[in-house]
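*Asks:* how would this look folded up:
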Amino acid sequence: MKKTIFYLLITLIVFSCSKDEDEVLPYPEEDTLHEFELHSNSRVSSLLMTSSEYNSWLNNTDFYNTEKRHALFQDIYKKFPDKYDFIFLVLNELDKPSSPSYYGSLIGVSNDVEGIGKNMYDNSADYGSSGKLKAVMELTALEYLKYGPALHELAHNWANSALATHSVDASGSNISSFEYGSHWGFTGGSTKGQLGGFKQSSLIEHGNNLYTVEPFGPNANGGNGIPYNELELYLMGMIPISSVSNFDMFTDITSFAVSQTAYDFTASTRTTYTPESLEDQLGARVPSSGNSQKDFKLLIVVLTDNPLTDEEWNRVDATAEWFSKKGDDGTSLYNFWEATNGVGSITIEN
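*Replies:* Take a look at the predicted model:
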(Lines give C-alpha, C1' and ligand atoms only; values in the text may rest on other atoms or scores of the structure.)
Protein backbone atom coordinates (compact mmCIF):
# COMPACT_ATOMS: atom_id res chain seq x y z
CA MET A 1 0.00 0.00 0.00
CA LYS A 2 2.80 2.45 0.88
CA LYS A 3 4.54 1.67 -2.40
CA THR A 4 1.30 2.34 -4.31
CA ILE A 5 0.81 5.67 -2.53
CA PHE A 6 4.43 6.62 -3.25
CA TYR A 7 4.05 6.03 -6.98
CA LEU A 8 0.74 7.90 -6.99
CA LEU A 9 2.39 10.93 -5.36
CA ILE A 10 5.26 10.81 -7.85
CA THR A 11 2.78 10.63 -10.75
CA LEU A 12 0.80 13.60 -9.43
CA ILE A 13 3.99 15.64 -9.04
CA VAL A 14 5.19 14.81 -12.56
CA PHE A 15 1.88 15.67 -14.19
CA SER A 16 1.45 18.92 -12.28
CA CYS A 17 4.59 20.37 -13.88
CA SER A 18 4.27 22.75 -16.82
CA LYS A 19 5.13 21.02 -20.11
CA ASP A 20 5.50 22.07 -23.72
CA GLU A 21 2.72 20.76 -25.94
CA ASP A 22 4.75 18.04 -27.64
CA GLU A 23 7.10 17.18 -24.79
CA VAL A 24 7.36 13.51 -23.88
CA LEU A 25 6.95 12.51 -20.27
CA PRO A 26 8.97 9.49 -19.07
CA TYR A 27 7.36 6.94 -16.80
CA PRO A 28 9.07 6.26 -13.48
CA GLU A 29 11.36 3.25 -13.77
CA GLU A 30 9.78 -0.04 -12.73
CA ASP A 31 10.51 -3.67 -13.37
CA THR A 32 9.75 -3.49 -17.09
CA LEU A 33 11.85 -4.95 -19.88
CA HIS A 34 11.39 -1.85 -22.04
CA GLU A 35 11.46 1.91 -21.65
CA PHE A 36 8.10 3.61 -22.11
CA GLU A 37 7.36 7.24 -22.93
CA LEU A 38 4.07 9.10 -22.79
CA HIS A 39 3.12 11.97 -25.08
CA SER A 40 1.81 14.99 -23.18
CA ASN A 41 -1.59 14.81 -24.93
CA SER A 42 -2.16 11.51 -23.07
CA ARG A 43 -3.27 9.62 -26.17
CA VAL A 44 -0.23 7.67 -27.37
CA SER A 45 2.86 6.09 -25.83
CA SER A 46 6.03 4.51 -27.15
CA LEU A 47 7.90 1.34 -26.27
CA LEU A 48 11.62 1.45 -26.96
CA MET A 49 13.20 -1.74 -28.30
CA THR A 50 16.81 -2.46 -29.09
CA SER A 51 17.65 -2.35 -32.79
CA SER A 52 18.03 -6.11 -32.93
CA GLU A 53 14.67 -6.70 -31.21
CA TYR A 54 12.87 -4.20 -33.46
CA ASN A 55 14.42 -5.68 -36.61
CA SER A 56 13.40 -9.15 -35.50
CA TRP A 57 9.88 -7.92 -34.73
CA LEU A 58 9.61 -6.70 -38.32
CA ASN A 59 11.55 -9.23 -40.33
CA ASN A 60 10.42 -12.33 -38.41
CA THR A 61 6.82 -11.13 -37.94
CA ASP A 62 7.20 -11.51 -34.18
CA PHE A 63 3.65 -10.23 -33.66
CA TYR A 64 2.67 -13.79 -34.62
CA ASN A 65 5.28 -15.37 -32.36
CA THR A 66 3.04 -16.36 -29.44
CA GLU A 67 5.77 -16.34 -26.80
CA LYS A 68 7.19 -12.96 -27.85
CA ARG A 69 3.75 -11.41 -28.25
CA HIS A 70 2.62 -12.50 -24.80
CA ALA A 71 5.86 -11.27 -23.23
CA LEU A 72 5.55 -7.86 -24.88
CA PHE A 73 1.98 -7.31 -23.72
CA GLN A 74 2.76 -8.53 -20.23
CA ASP A 75 5.44 -5.84 -20.14
CA ILE A 76 2.89 -3.27 -21.33
CA TYR A 77 0.52 -4.24 -18.51
CA LYS A 78 3.25 -3.50 -15.98
CA LYS A 79 2.84 0.14 -17.02
CA PHE A 80 -0.85 0.42 -17.83
CA PRO A 81 -4.06 -0.50 -15.97
CA ASP A 82 -6.31 -3.33 -17.11
CA LYS A 83 -9.05 -1.06 -18.50
CA TYR A 84 -8.57 -1.38 -22.25
CA ASP A 85 -10.78 -3.32 -24.65
CA PHE A 86 -8.14 -3.13 -27.38
CA ILE A 87 -4.41 -2.46 -27.56
CA PHE A 88 -2.94 -1.35 -30.88
CA LEU A 89 0.76 -1.64 -31.62
CA VAL A 90 1.95 0.86 -34.25
CA LEU A 91 5.31 0.46 -35.97
CA ASN A 92 7.44 3.59 -36.19
CA GLU A 93 7.51 3.57 -39.99
CA LEU A 94 6.39 6.28 -42.43
CA ASP A 95 5.32 3.64 -44.95
CA LYS A 96 4.72 -0.07 -44.80
CA PRO A 97 8.05 -1.94 -44.47
CA SER A 98 8.82 -4.95 -46.67
CA SER A 99 8.11 -7.15 -43.66
CA PRO A 100 5.60 -7.92 -42.15
CA SER A 101 3.59 -8.65 -45.30
CA TYR A 102 0.38 -7.09 -43.96
CA TYR A 103 -0.72 -3.49 -43.47
CA GLY A 104 -2.55 -4.41 -40.30
CA SER A 105 -3.51 -7.53 -38.39
CA LEU A 106 -5.78 -8.32 -35.44
CA ILE A 107 -5.43 -11.25 -33.05
CA GLY A 108 -8.39 -12.13 -30.86
CA VAL A 109 -7.79 -12.40 -27.12
CA SER A 110 -11.26 -13.12 -25.71
CA ASN A 111 -14.88 -13.36 -26.78
CA ASP A 112 -18.02 -13.31 -24.64
CA VAL A 113 -20.55 -12.66 -27.43
CA GLU A 114 -22.91 -15.41 -28.59
CA GLY A 115 -24.60 -15.57 -31.97
CA ILE A 116 -21.83 -14.21 -34.20
CA GLY A 117 -20.27 -17.54 -35.18
CA LYS A 118 -17.36 -17.33 -32.74
CA ASN A 119 -16.59 -19.67 -29.87
CA MET A 120 -16.54 -18.29 -26.35
CA TYR A 121 -12.97 -18.09 -25.05
CA ASP A 122 -10.69 -16.07 -22.79
CA ASN A 123 -6.91 -15.98 -23.28
CA SER A 124 -6.53 -12.56 -21.68
CA ALA A 125 -4.43 -13.84 -18.76
CA ASP A 126 -1.67 -14.74 -21.23
CA TYR A 127 -1.39 -11.03 -22.05
CA GLY A 128 -1.62 -9.67 -18.49
CA SER A 129 -5.33 -8.82 -18.51
CA SER A 130 -8.03 -10.23 -16.25
CA GLY A 131 -10.70 -10.62 -18.91
CA LYS A 132 -11.08 -7.03 -20.14
CA LEU A 133 -8.86 -7.27 -23.24
CA LYS A 134 -10.75 -8.33 -26.38
CA ALA A 135 -8.07 -8.17 -29.08
CA VAL A 136 -4.68 -6.79 -30.01
CA MET A 137 -3.76 -5.23 -33.33
CA GLU A 138 -0.60 -4.30 -35.16
CA LEU A 139 -0.52 -1.48 -37.73
CA THR A 140 2.68 -1.34 -39.77
CA ALA A 141 3.02 2.44 -40.25
CA LEU A 142 2.45 5.52 -38.12
CA GLU A 143 -0.67 6.83 -39.89
CA TYR A 144 -2.49 3.60 -40.70
CA LEU A 145 -4.90 4.27 -37.85
CA LYS A 146 -6.31 7.05 -40.04
CA TYR A 147 -5.78 5.78 -43.57
CA GLY A 148 -6.58 2.14 -42.92
CA PRO A 149 -6.84 -0.73 -42.28
CA ALA A 150 -7.84 0.10 -38.69
CA LEU A 151 -11.61 -0.11 -39.29
CA HIS A 152 -11.20 -3.32 -41.29
CA GLU A 153 -9.13 -5.05 -38.62
CA LEU A 154 -11.46 -3.93 -35.81
CA ALA A 155 -14.36 -5.51 -37.70
CA HIS A 156 -12.59 -8.86 -37.40
CA ASN A 157 -13.17 -8.78 -33.65
CA TRP A 158 -16.82 -9.64 -34.43
CA ALA A 159 -16.84 -10.73 -38.11
CA ASN A 160 -16.64 -12.86 -40.26
CA SER A 161 -16.97 -16.14 -38.45
CA ALA A 162 -20.65 -16.12 -39.36
CA LEU A 163 -20.84 -17.18 -43.03
CA ALA A 164 -18.84 -19.65 -45.14
CA THR A 165 -18.16 -17.33 -48.08
CA HIS A 166 -16.37 -17.86 -51.41
CA SER A 167 -13.96 -15.88 -53.57
CA VAL A 168 -12.12 -16.58 -56.84
CA ASP A 169 -8.61 -16.46 -58.24
CA ALA A 170 -9.00 -14.19 -61.24
CA SER A 171 -5.44 -14.61 -62.53
CA GLY A 172 -6.06 -17.77 -64.57
CA SER A 173 -8.37 -18.74 -67.40
CA ASN A 174 -10.09 -21.52 -65.47
CA ILE A 175 -12.18 -19.95 -62.72
CA SER A 176 -13.31 -21.89 -59.70
CA SER A 177 -14.23 -20.47 -56.33
CA PHE A 178 -12.83 -21.44 -52.95
CA GLU A 179 -13.83 -20.93 -49.34
CA TYR A 180 -12.77 -17.48 -48.22
CA GLY A 181 -12.52 -17.36 -44.46
CA SER A 182 -12.94 -14.21 -42.35
CA HIS A 183 -14.11 -11.98 -45.24
CA TRP A 184 -17.33 -11.48 -47.20
CA GLY A 185 -16.09 -12.50 -50.64
CA PHE A 186 -19.02 -12.61 -53.08
CA THR A 187 -21.60 -11.47 -50.51
CA GLY A 188 -23.91 -8.49 -50.86
CA GLY A 189 -24.58 -5.83 -48.30
CA SER A 190 -26.34 -2.54 -47.70
CA THR A 191 -23.05 -1.03 -48.85
CA LYS A 192 -19.74 -2.59 -49.77
CA GLY A 193 -18.32 -3.94 -46.50
CA GLN A 194 -15.16 -3.26 -44.58
CA LEU A 195 -14.44 -6.98 -44.92
CA GLY A 196 -15.21 -7.02 -48.65
CA GLY A 197 -18.38 -7.82 -50.53
CA PHE A 198 -20.49 -5.99 -53.09
CA LYS A 199 -23.32 -3.48 -52.87
CA GLN A 200 -26.52 -5.55 -52.96
CA SER A 201 -28.55 -2.90 -54.78
CA SER A 202 -26.12 -3.04 -57.72
CA LEU A 203 -26.88 -6.73 -58.42
CA ILE A 204 -28.35 -7.50 -61.86
CA GLU A 205 -29.61 -11.00 -62.65
CA HIS A 206 -29.37 -12.03 -66.33
CA GLY A 207 -30.61 -15.61 -66.07
CA ASN A 208 -28.69 -18.88 -66.40
CA ASN A 209 -26.86 -18.09 -63.12
CA LEU A 210 -25.16 -15.03 -64.68
CA TYR A 211 -24.94 -11.86 -62.58
CA THR A 212 -23.47 -8.37 -62.73
CA VAL A 213 -22.46 -6.14 -59.83
CA GLU A 214 -20.54 -2.92 -59.39
CA PRO A 215 -16.78 -3.42 -58.84
CA PHE A 216 -15.87 -4.54 -55.32
CA GLY A 217 -13.16 -6.22 -53.31
CA PRO A 218 -13.77 -9.68 -51.84
CA ASN A 219 -11.29 -8.86 -49.05
CA ALA A 220 -11.66 -5.12 -48.47
CA ASN A 221 -13.10 -2.02 -50.13
CA GLY A 222 -10.82 0.92 -49.56
CA GLY A 223 -9.36 1.28 -46.09
CA ASN A 224 -11.15 3.84 -43.92
CA GLY A 225 -12.91 5.26 -46.97
CA ILE A 226 -16.16 3.36 -46.34
CA PRO A 227 -18.37 2.83 -43.26
CA TYR A 228 -19.44 -0.50 -41.82
CA ASN A 229 -22.40 -2.08 -43.61
CA GLU A 230 -25.55 -3.30 -41.87
CA LEU A 231 -24.37 -6.88 -41.40
CA GLU A 232 -21.11 -5.71 -39.85
CA LEU A 233 -22.95 -3.28 -37.57
CA TYR A 234 -25.29 -6.07 -36.44
CA LEU A 235 -22.43 -8.44 -35.62
CA MET A 236 -20.72 -5.59 -33.72
CA GLY A 237 -23.87 -5.09 -31.64
CA MET A 238 -24.61 -1.63 -33.03
CA ILE A 239 -28.01 -2.33 -34.62
CA PRO A 240 -30.72 -5.01 -34.23
CA ILE A 241 -30.93 -7.86 -36.72
CA SER A 242 -34.24 -6.45 -37.95
CA SER A 243 -32.27 -3.53 -39.41
CA VAL A 244 -30.21 -5.79 -41.68
CA SER A 245 -31.60 -5.69 -45.22
CA ASN A 246 -31.88 -8.92 -47.21
CA PHE A 247 -28.66 -9.85 -48.99
CA ASP A 248 -27.30 -12.60 -51.25
CA MET A 249 -24.22 -14.79 -50.86
CA PHE A 250 -22.80 -16.54 -53.93
CA THR A 251 -20.71 -19.72 -53.88
CA ASP A 252 -19.58 -22.25 -56.51
CA ILE A 253 -18.50 -19.46 -58.87
CA THR A 254 -17.45 -20.73 -62.31
CA SER A 255 -16.77 -17.58 -64.34
CA PHE A 256 -15.59 -14.07 -63.56
CA ALA A 257 -14.98 -11.10 -65.88
CA VAL A 258 -13.78 -7.65 -64.84
CA SER A 259 -14.30 -4.24 -66.40
CA GLN A 260 -13.90 -0.74 -65.01
CA THR A 261 -17.62 -0.36 -64.41
CA ALA A 262 -18.87 -3.89 -63.68
CA TYR A 263 -17.99 -7.40 -62.54
CA ASP A 264 -19.75 -10.27 -64.33
CA PHE A 265 -19.82 -13.72 -62.80
CA THR A 266 -21.58 -17.05 -62.93
CA ALA A 267 -22.44 -18.82 -59.70
CA SER A 268 -24.18 -22.15 -59.21
CA THR A 269 -25.32 -21.38 -55.68
CA ARG A 270 -27.15 -18.26 -54.50
CA THR A 271 -28.24 -18.01 -50.88
CA THR A 272 -30.54 -15.17 -49.86
CA TYR A 273 -30.38 -14.16 -46.20
CA THR A 274 -33.16 -12.42 -44.35
CA PRO A 275 -32.98 -11.30 -40.73
CA GLU A 276 -34.97 -14.42 -39.81
CA SER A 277 -32.81 -16.91 -41.72
CA LEU A 278 -29.62 -15.24 -40.47
CA GLU A 279 -30.74 -15.56 -36.86
CA ASP A 280 -31.88 -19.14 -37.47
CA GLN A 281 -28.36 -19.97 -38.65
CA LEU A 282 -26.39 -18.08 -36.00
CA GLY A 283 -28.74 -17.99 -33.06
CA ALA A 284 -29.68 -14.81 -31.25
CA ARG A 285 -26.91 -12.34 -30.52
CA VAL A 286 -26.21 -12.20 -26.79
CA PRO A 287 -25.91 -9.49 -25.68
CA SER A 288 -28.39 -7.95 -28.13
CA SER A 289 -27.94 -4.51 -29.64
CA GLY A 290 -30.12 -3.14 -26.84
CA ASN A 291 -27.53 -3.81 -24.15
CA SER A 292 -24.30 -4.54 -26.02
CA GLN A 293 -21.12 -2.57 -25.41
CA LYS A 294 -20.79 0.33 -27.81
CA ASP A 295 -18.10 2.46 -26.17
CA PHE A 296 -14.59 1.07 -26.09
CA LYS A 297 -11.25 2.04 -24.60
CA LEU A 298 -8.12 1.78 -26.72
CA LEU A 299 -4.43 1.95 -25.85
CA ILE A 300 -1.94 2.85 -28.59
CA VAL A 301 1.73 1.94 -28.19
CA VAL A 302 4.30 2.83 -30.85
CA LEU A 303 7.09 0.26 -31.23
CA THR A 304 10.40 1.89 -32.07
CA ASP A 305 14.16 1.39 -31.82
CA ASN A 306 14.84 5.12 -31.44
CA PRO A 307 13.09 7.75 -29.30
CA LEU A 308 10.34 9.32 -31.38
CA THR A 309 10.99 12.72 -32.91
CA ASP A 310 8.48 15.55 -32.48
CA GLU A 311 7.29 14.94 -36.04
CA GLU A 312 6.72 11.23 -35.38
CA TRP A 313 4.84 11.95 -32.16
CA ASN A 314 2.69 14.51 -33.95
CA ARG A 315 1.85 12.12 -36.77
CA VAL A 316 0.63 9.29 -34.58
CA ASP A 317 -1.05 11.55 -32.02
CA ALA A 318 -3.01 13.32 -34.75
CA THR A 319 -4.30 10.00 -36.08
CA ALA A 320 -5.36 8.97 -32.56
CA GLU A 321 -7.24 12.23 -32.09
CA TRP A 322 -8.94 11.77 -35.47
CA PHE A 323 -9.90 8.11 -35.00
CA SER A 324 -11.48 8.74 -31.60
CA LYS A 325 -13.33 11.93 -32.60
CA LYS A 326 -17.02 11.65 -31.73
CA GLY A 327 -18.21 13.63 -34.71
CA ASP A 328 -17.91 14.22 -38.44
CA ASP A 329 -14.28 14.82 -39.38
CA GLY A 330 -15.22 16.77 -42.53
CA THR A 331 -13.32 14.49 -44.93
CA SER A 332 -14.14 11.50 -47.12
CA LEU A 333 -12.58 9.19 -44.54
CA TYR A 334 -14.52 7.57 -41.70
CA ASN A 335 -13.42 7.60 -38.10
CA PHE A 336 -14.91 4.94 -35.81
CA TRP A 337 -17.86 7.12 -34.72
CA GLU A 338 -18.73 7.93 -38.33
CA ALA A 339 -18.26 4.33 -39.51
CA THR A 340 -20.82 3.17 -36.91
CA ASN A 341 -23.30 5.94 -37.82
CA GLY A 342 -22.64 7.65 -34.51
CA VAL A 343 -23.66 4.61 -32.47
CA GLY A 344 -20.21 3.45 -31.38
CA SER A 345 -17.29 5.35 -29.92
CA ILE A 346 -13.68 4.77 -28.99
CA THR A 347 -11.74 6.57 -26.28
CA ILE A 348 -7.98 6.63 -26.79
CA GLU A 349 -6.11 7.46 -23.61
CA ASN A 350 -3.21 6.38 -21.45
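
*Asks:* alpha carbons only for contacts and neighbour counts from here, please
*Replies:* OK.

*Asks:* And the strands in the stretch 251-350 of the chain, which stretches?
*Replies:* For the stretch 251-350 of the chain, the strands defined by DSSP state E, counting those that start in this stretch cover 263-273, 295-304, 345-348.

*Asks:* Now residue 262: closest residue in space that isn't a chain neighbour?
*Replies:* Once flanking residues are discounted, residue 262 sits nearest to residue 214: 4.7 Å by Cα to Cα, 6 or more residues apart in numbering.

*Asks:* got the buried residues for stretch 57-70?
*Replies:* Buried residues in stretch 57-70, counted by 16 or more other Cα atoms under 10 Å: 57-58, 62-63, 69-70.

*Asks:* hmm, which two among these are most spread apart?
*Replies:* The distance between the two most remote of these (Cα to Cα) is 16.3 Å, for 58 and 70.

*Asks:* residue contacts, residue 89?
*Replies:* Contacts of residue 89 were listed using Cα atoms under 8 Å, 6 or more residues apart in numbering, and they are 136-139, 300-303.

*Asks:* do that again at 10 Å, thanks
*Replies:* Residues near residue 89 by Cα atoms under 10 Å, 6 or more residues apart in numbering: 45-47, 63, 73, 104-105, 136-142, 299-303.

*Asks:* What remains of these if I keep only buried residues?
*Replies:* For the contacts of residue 89, a neighbour count by 16+ other Cα under 10 Å gives the buried set as 45-47, 63, 73, 104-105, 136-142, 299-303.

*Asks:* among those, which are in helices?
*Replies:* Counted as lying in helices by DSSP state H, out of the buried ones among the contacts of residue 89, are residue 73.

*Asks:* nearest to residue 245, of the buried residues of stretch 57-70?
*Replies:* Closest approach to residue 245 among the buried residues of stretch 57-70 (Cα to Cα): residue 63, at 37.4 Å.

*Asks:* That closest one contacts residue 105, correct?
*Replies:* Yes: assessed by Cα atoms under 10 Å, residue 63 is found in contact with residue 105 at 9.0 Å.

*Asks:* what sits in contact with each of the two?
*Replies:* Common contacts of residue 63 and residue 105, defined by Cα under 10 Å, 6+ apart, comprise 89, 136-138.

*Asks:* would you list these in CSV and tack on pLDDT and distance to residue 350?
*Replies:* Formatted as CSV, those follow (pLDDT from 0 to 100; distance: Cα to Cα, whole Å):
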residue, pLDDT, distance to residue 350
89, 98, 14
136, 98, 16
137, 98, 17
138, 98, 18
